[in-house]
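K.L.:
My questions are about this predicted structure, shown below with the sequence.
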Amino acid sequence: MKLELTTPVSALTRVGKTTAGRLKRLDIQTVNDLIFYYPTRWQDLSLISEIGRLQPTDLATVKGKIQLIESRRSHFRKTNLTEALIADKSGSIKVIWFNQPYLSKYLLPGDEVYLSGKVDFDRYNLQFVNPVYEKSSRDTTHTARIVPIYSLTSSITQKQLRFLIKTALSLMPAINEYLPKQIIKENQLMDLSLALKQIHFPSDNNRLHEAITRLKFDELFLFQLQIISQKAELNALNAEPIAFNEIKTKEFVDNLPFKLTNDQRKVAWQIISDLGKKHPMNRLLEGEVGSGKTVVAAMAIYNTVLSAKQCALIAPTEILAGQHYQSVKNLLKNTGFKIGLFSRSQRLLEDKKATKAEMLKNINSGKIDIVIGTHALIQEDVIFKDLGLVIVDEQHRFGVKQRQALRLKSGNKLTMPHLLSMTATPIPRTLALTLYGDLDLSLIRELPKERKKVITKIVEPNKRTAAYDFIAQQIKTGRQAFVICPLIDPSDKLNVKAVTDEYEKLKRDIFPEYKISLLHGKLRGEDKEKIMSDFSAGKTDILVATSVIEVGVDIPNASVMLIEGAERFGLAQLYQFRGRVGRSVYQSYCFLFAQTQTQKTKDRLQALASAKDGFELAEFDLKFRGPGEIYGTAQSGFPEFKIAQLTDANLISLAQKSAQKIIEQSPDLLLFPELKERVKKIIIQTHLE
C-alpha cells in the first residue's frame, strides 16, 4: 500500500474504527500526524546484559533461548500465568507474564528472544515479571535498542503506537526538505527525513541528539520566521509621528516629586524616539516591580497629547485600571488634559460618573484626551477621533488582531496607533527572544535609590504566632499589611486557606483591635473600588485578599505581605504579590507560609527569598516549571512547541539569526518555494485551530 502524508490512520494495518477514534484523542488522524508525534522521552535498552550478572532492581535487556514455556490458570490469583525459563551462556532466569496465555503459542522452546524489564527477586531466585519481549530474528522495536516512550491515551499501548509509527516510517513518502541548503549547512543540521526516523528509532545516542536538534531548530526557526515577517509588515504600515516637545518634557520631569533613575531616562528616550517615526512603535517595556514604568508611560502620553492625539491605556483588571487612572491623573494634574476611566462597571469623566453614551460621545469627539480602561475599550463600540498611542499593561501577548481592532477604532484609518506594552513580570532573555521577537525591548532593572529590598522569610508552622506579633508591631507604627489566600471559599479537598475563613479568623481571634477588610474577584466593581480606596487612604489596617491584587496595586504605606498556601502559587505570582510592598522608604517584609513541606516546595520558595532580582527568579521559574505555567499557553500567539523548549537559548539565537537572513534575502519567500509552502501550511493549521 502506498501511503500519502494525508492518508487516514484508519487505512493502516491493525487500525479499525475504534483504534482510530482513540488515536484521534492524541490528535493523530493522518500518517503525517503519526510521523510528527514525537516521543516524550527515550529508554536506552541497547546494552545487552549477561543473565549471570543480573542484580535485583536492575533495568536490563538480555538475549537468550527459551528453555521451557507454558501457560496455566492460577487458582490462587484467579489469573492466567505464562511462565518461561530463558538462558544464555552465563546462566538462566525465570520469566512470568500475567494474562497473556497466547504467548505459549507465539514463543516456543528454542526461540531466541530479547527481554527487557526490571529484575525482580522472589524468595529464592531472580526473575522478570511482565518484561517486554521480541524474537531476536526480527529488527527490534521494543527491546535491545533506544526505545521511544510516547504520551498515551486509554486503551492505546506503547507497543501499538510504536508499531504504527514504524509502519508509517517504513512506507513514508519522501518528505520535502523545506529548509534552505544554506541554513542546513551553516547550522550543521541533519536531513529532515533522517531526523524523523532517528527521533522515533535512533541508531545511537549521537544520532538521537542530532535528530532532536534538527526538529527543535525547525520549530523555533518557523516561529521566528513568522515573528520577523509580522514585524516587517508592521514596519511597512504608516503611523503619525509624535513630535518630541523637549522644553515641556523637561519641565514635566523637573516638576516630578522624585528624580528619574538612569534606566527610566534611557527607556523614556527609546520610547520617545520610536514615537517620532513614521511607522508604528511596537515596544515592550519590562521592569522590576516598583521600578517606575508608569512615569515613563506618562512621558509618552504627555508628548502624544501635546501633539493633539488621543491615548488609550488598557489594563487587565478594573482594580488596576482604577489604579492607573489615579496615577496618571496625579502625574498630569497641571496639564489641563481631559482623562476618562472606561470599564464595564466604571465610567468616570474628570472624576465624575458618566453614562456609557456620554463616554462614547466624548471619546469620539476627541474631548477626552486620555482613556484608561480594561479590554472593554476594544470589545465595545468605542471609536476614537484620532488615536495616537495605545499602552497595554500586563498583557503579555497583546496580539496582531487586537492591534488591528484598535486601528479600526481610530478616526484616522490611514495610520496605525503606536503601541507600548508593559509588564512587571520579568521575562528571561531566551523567552523574550522567542515570544517577543516582533517587539523592541526596553528594560528597567534599576530601582529608585530610596527603595529597600523586601526581606523575604519562609515561616515554619511553629513561628506563626511570632509572625502575627510582628504584623501587630508594624501596624502600631502606622504601617499596613496584606494577607493573601489561594481560594475564596473553604475547600476540604485541597486543604488550603480560604480567604473568607482567614478573614473571619483574623478579625475575630488574631487582630480584633484592628480594622480588616476582605477583597476577592466575586465582589461587585463598586465594592472592590471602595475597599481599595479605604485601604489606600489608611482607613483599613489589614487587607485579606485573593490573587485579585496580584498586579498594579500601589499602597506605599503597606510594609508586610503574608502569603498563605504559598506553594499553591507560581514564582511569578509570588513575585508580584511581594511587589505590593516595599513601594516607599519603609523597610518591608514578605512572609511565606506553606502547607506542604516537601523539598521541591522549599527549593522554589527559597529561590524567591534569595534571588537578586526578578530576572534571576524568572530564569529559575522557567527551568523549574516551563513557560506554559508561567505565562499561560492560552494567551494568543504563544508557541505550543512539540519538542523545542524555551530554555534552548543557543538554538533560539541561531534560529532567529537564520530566519532574519532568509527574510532579508527574500521577504516574500519566493526564492524558497518549499519553505513558503511549509509556512503557508502552518498558518492554515493555526487559523483552523
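P.N.:
That came through, no problem.
K.L.:
all strands of the stretch 101-250 of the chain, in order?
P.N.:
112-121, 126-129, 132-135, 146-149 (DSSP state E, counting those that start in this stretch).
K.L.:
Got the domain ranges for the chain?
P.N.:
Taking automatic domain parsing as the reference, the chain has its domains at 1-46+148-173, 51-144, 200-236+648-688, 246-444, 455-612.
K.L.:
Show me the shaky parts of the stretch 351-500 of the chain.
P.N.:
380, 395-404, 406-407, 426, 428-436, 489-497 (pLDDT under 70).
K.L.:
the strands in it, which residues?
P.N.:
Going by DSSP E, counting those that start in this stretch, the stretch 351-500 of the chain shows strands at 352-353, 370-373, 387-393, 418-423, 440-444, 455-458, 480-484.
K.L.:
right, so of these, which gets closest to Ile199?
P.N.:
When the strands of the stretch 351-500 of the chain are compared by Cβ to Cβ, strand 440-444 sits nearest Ile199, at 33.2 Å. For every residue, glycine as well, the C-beta is placed using N, CA and C.
K.L.:
packing partners for the longest strand seen in the chain?
P.N.:
What stands out as the longest strand in the chain, according to DSSP state E, is strand 59-74. If contacts are counted by 3 or more Cβ pairs under 8 Å, 6 or more residues apart in numbering; DSSP states H and E, strand 59-74 sits against strand 48-49, strand 79-88, strand 91-98, helix 103-106, strand 112-121.
K.L.:
run the last query once more with 7 Å
P.N.:
strand 48-49, strand 79-88, helix 103-106, strand 112-121 (3 or more Cβ pairs under 7 Å, 6 or more residues apart in numbering; DSSP states H and E).
K.L.:
Kindly reformat these as TSV containing distance to Ala315, mean pLDDT and mean neighbour count.
P.N.:
Formatted as TSV, those follow (distance: least, Cβ to Cβ, whole Å; pLDDT from 0 to 100; neighbours: other Cβ atoms under 10 Å):
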stretch	distance to Ala315	mean pLDDT	mean neighbour count
strand 48-49	62	96	16
strand 79-88	62	94	18
helix 103-106	65	93	14
strand 112-121	55	95	19
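K.L.:
Please convert the ones you listed to CSV, extending it with distance to Tyr503.
P.N.:
Listed next are the helices and strands packed on strand 59-74 as CSV, based on distance: least, Cβ to Cβ, whole Å:
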stretch, distance to Tyr503
strand 48-49, 62
strand 79-88, 55
helix 103-106, 63
strand 112-121, 51
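K.L.:
for the ones you listed, which one sits closest to Asn130?
P.N.:
Of all these, strand 112-121 comes closest under Cβ to Cβ, at 6.7 Å.
K.L.:
Could you spell out the sheet neighbours of the closest one, each with its direction?
P.N.:
Its sheet considered, strand 112-121 pairs with strand 59-74 (antiparallel), strand 126-129 (antiparallel), strand 132-135 (antiparallel) by DSSP bridges.
K.L.:
tally of neighbours for Tyr150?
P.N.:
Neighbours of Tyr150 under the rule other Cβ atoms under 10 Å: 18.
K.L.:
try the one 4 residues further on
P.N.:
A total of 6 residues lie near Ser154 under the criterion other Cβ under 10 Å.
K.L.:
Could you tell me the phi and psi values at it?
P.N.:
phi -60, psi 140 (degrees, to the nearest 10).
K.L.:
Quickly note the distance from it to Leu23.
P.N.:
Between Ser154 and Leu23 the computed distance is 12 Å (Cβ to Cβ, to the nearest Å).
K.L.:
Ok, Gln55 next?
P.N.:
Taken as Cβ to Cβ, the span from Gln55 to Leu23 is 39 Å.
K.L.:
So between those two, which is more surrounded?
P.N.:
Between Gln55 and Leu23, Leu23 has the larger neighbour count (other Cβ under 10 Å), namely 25 against 10.
K.L.:
is it true that the more buried one lies in a helix?
P.N.:
Yes. Per DSSP: H, G, I helix; E, B strand; the rest coil, Leu23 lies within a helix segment.
K.L.:
residues in contact with Arg499?
P.N.:
Residue 499: Val, not Arg. If you count contacts by Cβ atoms under 7 Å, 6 or more residues apart in numbering, Val499 has them with Cys485, Leu487, Ile488, Leu518, His520, Val544, Ala545, Thr546.
K.L.:
let's go with 6 Å and repeat that
P.N.:
Cys485, Ile488, His520, Val544, Thr546 (Cβ atoms under 6 Å, 6 or more residues apart in numbering).
K.L.:
With just CA atoms, put stretch 340-349 into CSV.
P.N.:
The C-alpha coordinates for stretch 340-349 follow below in CSV (Å, rounded to 0.1, in the frame of the first residue of the first chain):
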residue,chain,number,x,y,z
GLY,A,340,-11.5,59.3,31.5
LEU,A,341,-12.0,55.9,33.0
PHE,A,342,-13.9,53.3,31.0
SER,A,343,-14.6,49.7,32.0
ARG,A,344,-17.8,47.6,32.1
SER,A,345,-18.8,48.8,35.6
GLN,A,346,-16.8,52.1,36.0
ARG,A,347,-17.1,55.2,33.8
LEU,A,348,-15.6,58.4,35.0
LEU,A,349,-15.0,61.6,33.2
